[in-house]
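Visitor: Quick one: sequence and predicted model below, then my questions.
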Amino acid sequence: MSAIRYELIKTCAQTGARLGRVHTPHGTIDTPTFMPVGTQASVKGMSPEELKSLNAQIILSNTYHLFLRPGHELVREAGGLHKFMNWDRAILTDSGGFQVFSLAEMRKIREEGVEFRSHLNGDKLFLSPEVATEVQNALGSDIMMAFDECPPYPAEYEYVKQSTERTTRWAERCLKAHARPHDQGLFAIVQGGMHKDLRRQSALDLTSLDFPGYAMGGLSVGEPKHLMYEMLEETVPLLPSGKPRYLMGVGSPDALIEGSIRGIDMFDCVLPTRIARNGTAMTSQGRLVVKNAKYTSDFGPLDPECSCYACRNYSRAYIRHLIRADEMFGLRLTSIHNLHFLVHLMEQVREAIREDRLRDFRDEFFEKYGMAHN
Ligand SMILES: CNc1nc2c(CC[C@H]3O[C@@H](OC)[C@H](OC)[C@@H]3O)c3nc(N)[nH]c(=O)c3cc2[nH]1
Ligand SMILES: [Zn+2]
């Protein structure tokens, strides 16, 4: 019995969106879903109780960061990531394939794996399909990602071709190295850059290896959004309908809706907590920079239509004051609101799929949101 089972409940009659559930050893995830990112074993500034109060059913953490600090052996000794961070719902860990190419210095990519220097202290380290799989087995995440290369954007066709074919060979090595397939699901990551033929090849090669789930990688890397949507339209139909699809690193409210329409079930993005740190809130009318002087004596909530803890108890004037005074509680309140906003947005997306009206919902949302693009 695989650790991860996808249940397709229904497909939206207006779009290609799906209502589903992902069953994991640490609970069920209603999809389409937004997953808060806790890169270093903490969703910045949020306690597990606060995450549960906003109905987060799964959070992310990251192999590269935890491999560097505190080290996966320590987390294994602590009884695994769930115990270490006191989170008893589902956890997905990214494989480090993105960070080793975006954060690490002095990296050398070979068939065997990637040699690099830690961005923390310059130590010489090595990540490979086998090491990334062993690390995630030690962390005990419910969903592990295959070790991949996320090619830069833009990149030469030939480079993307070589890289994508190597990522497929690496995925096969992860499958072989996976020590706990009954407890942890291993998702493959489709690459191929912005080239439709390479995307198709990657999807066909990886689906022939039969993983419990498939991610769309190599996107949300600076390309125009229309290009990302074209890659989804080209690739998602080649993925098995009975398995979850995860679009990595996405995203803004409009992209979550557009991605759901194109058949994506799972999303992750650091945006809600990252923009919270400079006092930017996502609201039903678009973004609001609460630090702006015009909110000095605005005693209303961040978003009048929001029912989150921050909007029920605090004003824009108070949060503006905290952010300007560099008080931690200010960015905590903005993070609580932004995470609630995206988790609640996905609840509305699931409702719209249930009622076969996701295209109408999108048009209404974009109208109100003013498509003040993110
Ligand atoms: C933002 N756009 C984007 N993110 C991406 C990530 C996650 C970043 C990972 O880094 C941490 O956030 C900074 C998170 O780790 C918990 C996230 O999962 C990717 N990961 C892999 N393995 N392969 C990809 O092709 C890939 C592409 C991305 N595009
Ligand atoms: Zn709110």
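Guide: Thanks, I have the structure now. Ligands and ions are numbered 1, 2, ... in the order given.
Visitor: show me what contacts Y159?
Guide: Residues counted as contacts of Y159 (Cβ atoms under 8 Å, 6 or more residues apart in numbering) are P151. No exception for glycine: its C-beta is placed from N, CA and C like everyone else's.
Visitor: On the pLDDT front, check it for me.
Guide: Reading off the confidence values, Y159 has pLDDT 97.
Visitor: tell me which element it falls in.
Guide: helix 157-177 (DSSP states H and E).
Visitor: what do you get for A138?
Guide: Secondary structure from DSSP H and E places A138 in helix 129-139.
Visitor: do H65 as well
Guide: Secondary structure assignment for H65, by DSSP H and E: helix 63-68.
Visitor: So R316 versus I91, what's the distance?
Guide: Using Cβ to Cβ, to the nearest Å, one obtains 34 Å as the distance from R316 to I91.
Visitor: neighbour-wise, which of these two wins?
Guide: Neighbour totals were compared for R316 and I91, and I91 leads with 26 against 22 (other Cβ atoms under 10 Å).
Visitor: can I assume the more buried one sits in a strand?
Guide: Yes - I91: assigned to a strand according to DSSP: H, G, I helix; E, B strand; the rest coil.
Visitor: Just the helices from the stretch 251-374 of the chain, written as ranges.
Guide: With helices called from DSSP state H, counting those that start in this stretch, the stretch 251-374 of the chain shows them at 253-261, 271-276, 309-313, 316-324, 328-354, 358-369.
Visitor: Make JSON lines out of those helices and add mean pLDDT.
Guide: Shown next, in JSON lines, are the helices of the stretch 251-374 of the chain (pLDDT from 0 to 100):
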{"stretch": "helix 253-261", "mean pLDDT": "97"}
{"stretch": "helix 271-276", "mean pLDDT": "96"}
{"stretch": "helix 309-313", "mean pLDDT": "98"}
{"stretch": "helix 316-324", "mean pLDDT": "97"}
{"stretch": "helix 328-354", "mean pLDDT": "98"}
{"stretch": "helix 358-369", "mean pLDDT": "95"}
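Visitor: among these, which is nearest ligand 1?
Guide: Ligand 1 sits nearest to helix 271-276 of all those, at 8.5 Å, using Cβ to the nearest ligand atom.
Visitor: Ok, which of the helices of the stretch 251-374 of the chain comes nearest A56?
Guide: When these are compared for distance to A56 using Cβ to Cβ, the nearest one is helix 328-354, at 6.1 Å.
Visitor: Off-centre distance for that closest one?
Guide: Its chain's C-alpha centre lies 14 Å from the corresponding centre of helix 328-354 when counted by Cα atoms, centre = their mean, to the nearest Å.
Visitor: The helix holding Y159 near ligand 1 at all?
Guide: No - counting by Cβ under 6 Å from any ligand atom, ligand 1 is not contacted by helix 157-177; separation bottoms out at 8.6 Å.
Visitor: Now the chain against ligand 1: closest residue?
Guide: Checked against ligand 1 (Cβ to the nearest ligand atom), the nearest residue in the chain is G249, 2.1 Å away.
Visitor: low-confidence ranges in the chain?
Guide: 371-374 (pLDDT under 70).
Visitor: Spell out which parts of it neighbour ligand 2.
Guide: C306, C308, A310, C311, H337 (Cβ under 5 Å from the ion).
Visitor: Out of those residues, which comes closest to R274?
Guide: In terms of Cβ to Cβ, no member of the residues of the chain next to ligand 2 lies closer to R274 than H337, at 13.8 Å.
Visitor: looking at it, the closest one is touching Y314, isn't it?
Guide: No - contact criterion Cβ atoms under 8 Å: H337 and Y314 do not qualify, at 9.3 Å.
Visitor: what's the neighbour count on D88?
Guide: Residues lying near D88 (other Cβ under 10 Å) number 12.
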